[in-house]
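Engineer: please work out how this folds:
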Amino acid sequence: MRCTVPPIRNAIMTIAIACSLGAVPALAQKPAVDGPLRIVITARPIESFDARDVTRRRFGALEFRGGLELTSTYRDFGGISGLRIMPDGERFVGASDRARWLRGRIVYKEGRPVGIADAEMAPMLGPDGKPLTERKWYDTESIADDGAGNLYVGIERVNRIVKYDYARHGFMARGQPIALPPDIATLPKNQGLECLAVIPKSMTGAGTLIAISERGLDAGGNIKGYLIGGPSPGAFSVRRFDDFDVTDCIVAPNGDLMLLERKFSWTAGVGMRLRRTALSGVTPNAVVDGKVLIDADMGFQIDNMEGLAVHRDKSGDIVLTMISDDNFSMLQRTLLLQFTLVAE
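Structural biologist: Residues are numbered from 1 along each chain as shown. Sure, this is the predicted structure:
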């Protein structure tokens, strides 16, 4: 099946994204207090990433594996800004803008994603056991897995990070705020913490939590980042160019820090970029840059791409999964895209 984006949809989506990037999410509703709820997610396959050349599979260092356009009749489905995939490559945990968990299982056929099974959603809980939204802790934009059963969630609207003992308590885990560098509190309230990743125990700096803002800028106009905990805590920056902002990051098994980035303009619409840099260069006071792996405009199957996850498949290949935040808008889409990193 071929999925394409008609030109008129591009124009409409441009307006929708422009409005949503500066807007407060639709959270002025009564907070959800229900427990885990099984939901049905319908998945429409995306066979080609490039709408202008449906036969193309290779995009620089990436090879397109397949994608899905996801929909659900459940009212709180959408707004997925953070994603982490378990080592089996199937089970996943996501974070919604509305401070809700999403988990499920990606179904594959011949290595290509074809559906979502066992999907559940539930409100994220605060330290008091009540939904985060009751504290007005909105915009849960990022999620990190420390490999030991704990999940970290970044809350952009208040620039906080909470830690969940997910392995023991699942959706019933209570988020415990962690100590942060004072400078994080000064980040823009709608362009703050957007990316979290934990350095694995097998790598130098193991246990360090990497936190990067969307567009909190230093004196040089570069994006602020932080190394929290670990052997060498401190602040660093990511070089900002071509008006791209950071929307997520992961530490890849090959030792790279990979950055998912987004830009928006009224003339060109939304763009997506993936950049990588050696983790060894991410140190206090550094200004890190990196090689661009892919730069996609609205001629490709993209939307407001905000989540990035990584795993190795059964053959040992590094697989990158991206997901879009539809901002709960009928004019945007929730897309799940998978690529193989073919050139390390």
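
Engineer: going forward, measure contacts between C-alpha atoms and count neighbours the same way
Structural biologist: OK.

Engineer: pull up the pairing partners for the strand or helix carrying residue 197, direction included.
Structural biologist: With the criterion set as DSSP states H and E, the secondary-structure element containing residue 197 is strand 193-198. With DSSP bridges as the test, strand 193-198 is paired with strand 209-217 (antiparallel).

Engineer: now tell me what touches the strand it pairs with from outside.
Structural biologist: When contacts are taken as CA atoms under 8 Å, 6 or more residues apart in numbering, the neighbours of strand 209-217 outside the stretch itself are 187-188, 191-199, 223-230, 245-247.

Engineer: what about the helix or strand following it, distance to the chain center?
Structural biologist: Tracing the chain C-terminally past strand 209-217 and defining elements by DSSP H and E, one meets strand 223-228 next. Mean-position distance between strand 223-228 and its chain equals 17 Å (CA atoms, centre = their mean, to the nearest Å).

Engineer: just stretch 221-239 next, same as before
Structural biologist: Here stretch 221-239 shows a centroid-to-chain-centroid distance of 19 Å under the convention CA atoms, centre = their mean.

Engineer: next, the buried residues of that stretch.
Structural biologist: Residues of stretch 221-239 classed as buried by neighbour count (16 or more other CA atoms under 10 Å): 222-230, 233-239.

Engineer: can you pull out the helices in the stretch 51-200 of the chain?
Structural biologist: If DSSP state H, counting those that start in this stretch is used as the criterion, the helices of the stretch 51-200 of the chain fall at 166-169.

Engineer: how much space separates the residue of the chain most remote from its centre from residue 90?
Structural biologist: In the chain, the greatest distance from the average C-alpha position (CA atoms, centre = their mean) is reached by residue 55, at 27.5 Å. For residue 55, the distance to residue 90 (CA to CA, to the nearest Å) stands at 26 Å.

Engineer: check residue 78 too.
Structural biologist: Relative to residue 90, residue 78 is positioned 19 Å away (criterion: CA to CA).

Engineer: residues touching residue 258, list them.
Structural biologist: In this structure, residue 258 makes contact with 249-252, 274-277, judged by CA under 8 Å, 6+ apart.

Engineer: and the nearest residue to residue 122 once chain neighbours are set aside, what does it touch?
Structural biologist: Taking CA to CA, 6 or more residues apart in numbering as the measure, residue 122 lies nearest to residue 36, with 4.5 Å between them; neighbours along the chain are not counted. By CA under 8 Å, 6+ apart, the contact set of residue 36 is 120-123, 171.

Engineer: dump these to JSON lines, plus pLDDT and distance to residue 206.
Structural biologist: As requested, the contacts of residue 36 are exported to JSON lines (pLDDT from 0 to 100; distance: CA to CA, whole Å):
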{"residue": "120", "pLDDT": "98", "distance to residue 206": "31"}
{"residue": "121", "pLDDT": "98", "distance to residue 206": "31"}
{"residue": "122", "pLDDT": "97", "distance to residue 206": "31"}
{"residue": "123", "pLDDT": "97", "distance to residue 206": "30"}
{"residue": "171", "pLDDT": "96", "distance to residue 206": "26"}
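
Engineer: nearest to residue 164 among the residues you listed?
Structural biologist: When these are compared for distance to residue 164, the smallest value, 9.1 Å, is given by residue 171; criterion: CA to CA.

Engineer: does the closest one touch residue 102 like I think?
Structural biologist: No. No contact is recorded between residue 171 and residue 102 when judged using CA atoms under 8 Å, the distance being 9.3 Å.
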